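Chemist: Give me a model of this one.
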Amino acid sequence: SVFTDPKITKVMHGAHYDVEWLQRDFGVYIVNLFDTSCAAKVLEYQSLGLAHLLKYFCDVHADKRFQTADWRIRPLPSEMLQ
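Modeler: Numbers count the residues shown, from 1 in each chain. Presented below is the predicted three-dimensional model:
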């Protein structure tokens, strides 16, 4: 599986709880994970948030409007697909 293949680096942000429930609830184990939040903390960046890191390193603005939206609804409204 992709998750256990050590040749594939998995990149996540703040993955601690995701890894925990993936293991507990689905028996999914992740090998070779790079957590951008942990890296920012170790490097003592001023802000550990994903939006800040995306802007700083990639000049990408993270749109947070739908962060707390109910993504279970179908069909997804077109503005959520942008």
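Chemist: can we go C-alpha only for contacts and neighbour counts from here?
Modeler: Fine.
Chemist: would you list every one of the helices in the protein?
Modeler: Secondary structure of the chain (DSSP state H): helices at 16-26, 36-42, 50-58.
Chemist: Just put these in a markdown table and tack on mean pLDDT and distance to Phe3.
Modeler: Output for the helices of the chain, formatted as a markdown table (pLDDT from 0 to 100; distance: least, C-alpha to C-alpha, whole Å):
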| stretch | mean pLDDT | distance to Phe3 |
| --- | --- | --- |
| helix 16-26 | 95 | 11 |
| helix 36-42 | 97 | 17 |
| helix 50-58 | 95 | 22 |
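Chemist: can you tell which of the ones you listed is closest to Lys64?
Modeler: With C-alpha to C-alpha as the measure, helix 50-58 is the member of these nearest Lys64 (8.5 Å).
Chemist: Show residues contacting the closest one.
Modeler: Here helix 50-58 makes contact (C-alpha atoms under 8 Å, 6 or more residues apart in numbering) with 13, 36-37, 47, 60-62.
Chemist: Of the residues you listed, just say which sits nearest to Ile30.
Modeler: Among these, and counting by C-alpha to C-alpha, the member closest to Ile30 is His13, at 13.8 Å.
Chemist: residue contacts, that closest one?
Modeler: 35-38, 50.
Chemist: Relative to Pro6, which of the helices of the chain is closest?
Modeler: Nearest of the helices of the chain (C-alpha to C-alpha): helix 16-26, 15.8 Å.
Chemist: Point out the other helices and strands that that closest one packs with.
Modeler: Counting contacts by 3 or more C-alpha pairs under 8 Å, 6 or more residues apart in numbering; DSSP states H and E, helix 16-26 is packed against no other helix or strand.
Chemist: Can you dump the C-alpha atoms of it in PDB for me?
Modeler: In PDB, the C-alpha atoms belonging to helix 16-26 read as follows (Å, rounded to 0.1, in the frame of the first residue of the first chain):
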ATOM      1  CA  HIS A  16      -0.500  13.400  15.000                       C
ATOM      2  CA  TYR A  17      -4.300  12.900  15.500                       C
ATOM      3  CA  ASP A  18      -4.900  11.800  11.900                       C
ATOM      4  CA  VAL A  19      -2.200   9.100  12.300                       C
ATOM      5  CA  GLU A  20      -3.700   8.000  15.600                       C
ATOM      6  CA  TRP A  21      -7.200   7.500  14.400                       C
ATOM      7  CA  LEU A  22      -6.100   5.900  11.100                       C
ATOM      8  CA  GLN A  23      -4.200   3.300  13.100                       C
ATOM      9  CA  ARG A  24      -6.900   2.800  15.700                       C
ATOM     10  CA  ASP A  25     -10.000   2.900  13.600                       C
ATOM     11  CA  PHE A  26      -8.800   1.500  10.200                       C
END
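Chemist: That's all I had, so thanks and see you.
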